[in-house]
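Peer 1: Need a 3D model of the sequence below.
(one chain, ligands or ions: 1)
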Amino acid sequence: MRLAIELGEQAKGHTGDNPYVGCVIVVDGRVVGSGYTQPPYQPHAEASAFLDAEQRGHEVRGGTLYSTVEPCCFFGRTPPCAQAIIDRGIARVVIGIRDPHPRVNGQGVAQLRAAGIEVTESVCHEEVRSYLAGWLSRVGPGHG
Ligand SMILES: Nc1c(N[C@@H]2O[C@H](COP(=O)(O)O)[C@@H](O)[C@H]2O)[nH]c(=O)[nH]c1=O
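Peer 2: A predicted model of the protein is given here:
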């Protein structure tokens with residue numbers, strides 16, 4: 001998760017109204033892909049990490065995906081990350097904080113769990129809240 005936070009920090013200032021999320025995919029104790037949120041209309045952190053793994057020729061099936069923020073679960077400017085995670089056969093998802101967006105806010109986690117994926121929440125959540133403080137203050141107090 002600390003590596004995901006470092007990656008997310010790299011996107012700060014380049015994601016418009018979106019959170020600057022970082023994502024790392026691990027298979028058998030090895031990082032097989034990683035990424036961070038691209039500018040609006042371009043891949044989210046999870047999609048970037050999947051692309052990275054693909055480009056490096058690494059299999060992600062059965063792996064653990066770490067994301068600083070709960071994966072989105074609706075079609076916005078990009079397709080839903082939760083569905084991509086399910087489709088790719090990820091076995092476990094670890095998140096820092098929930099996405100306070102009214103169309104996500106726990107529904108991304110619920111969708112993953114309904115698909116049989118183990119979800120662990122609130123990992124390094126204080127560090128995540130701290131690096132995302134700018135975005136959290138824009139989306140409102142008490143969120144995440
Ligand atoms: N940047 C980011 C997320 N951002 C979230 O995605 C939603 C906006 O989607 P869109 O209009 O497609 O950009 C909104 O809920 C926002 O908080 N979600 C993620 O899974 N990963 C990411 O890297």
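Peer 1: Only C-alpha atoms from now on, for both contacts and neighbour counts.
Peer 2: OK.
Peer 1: Quick check: the gap between the residue lying closest to Val27 once chain neighbours are set aside and the ligand.
Peer 2: Among residues not flanking Val27 along the chain, Gly63 sits closest, at 4.5 Å (C-alpha to C-alpha, 6 or more residues apart in numbering). Distance, Gly63 to the ligand, by C-alpha to the nearest ligand atom, to the nearest Å: 17 Å.
Peer 1: Can you name the residues that contact Gly63?
Peer 2: Residues counted as contacts of Gly63 (C-alpha atoms under 8 Å, 6 or more residues apart in numbering) are Ile25, Val26, Val27, Asp28, Gly89, Ile90, Ala91, Arg92.
Peer 1: top of these by neighbour count?
Peer 2: Ile25 (26 neighbours; other C-alpha atoms under 10 Å).
Peer 1: tell me which element Glu9 is part of?
Peer 2: Element membership for Glu9 (DSSP states H and E) is helix 2-11.
Peer 1: What's the first helix or strand after that helix?
Peer 2: strand 22-27.
Peer 1: Quick check: the gap between the residue lying closest to Tyr36 once chain neighbours are set aside and the ligand.
Peer 2: Closest residue to Tyr36 apart from its sequence neighbours, by C-alpha to C-alpha, 6+ apart: Ala45 at 3.9 Å. Applying C-alpha to the nearest ligand atom, the value for Ala45 to the ligand is 4 Å.
Peer 1: Then Gly29?
Peer 2: 23 Å.
Peer 1: One more: Gly76?
Peer 2: Taken as C-alpha to the nearest ligand atom, the span from Gly76 to the ligand is 4 Å.
Peer 1: can you confirm that residue is in a strand?
Peer 2: No. Counting by DSSP: H, G, I helix; E, B strand; the rest coil, Gly76 falls outside a strand, being coil.
Peer 1: Having no further points to raise, I will conclude here.
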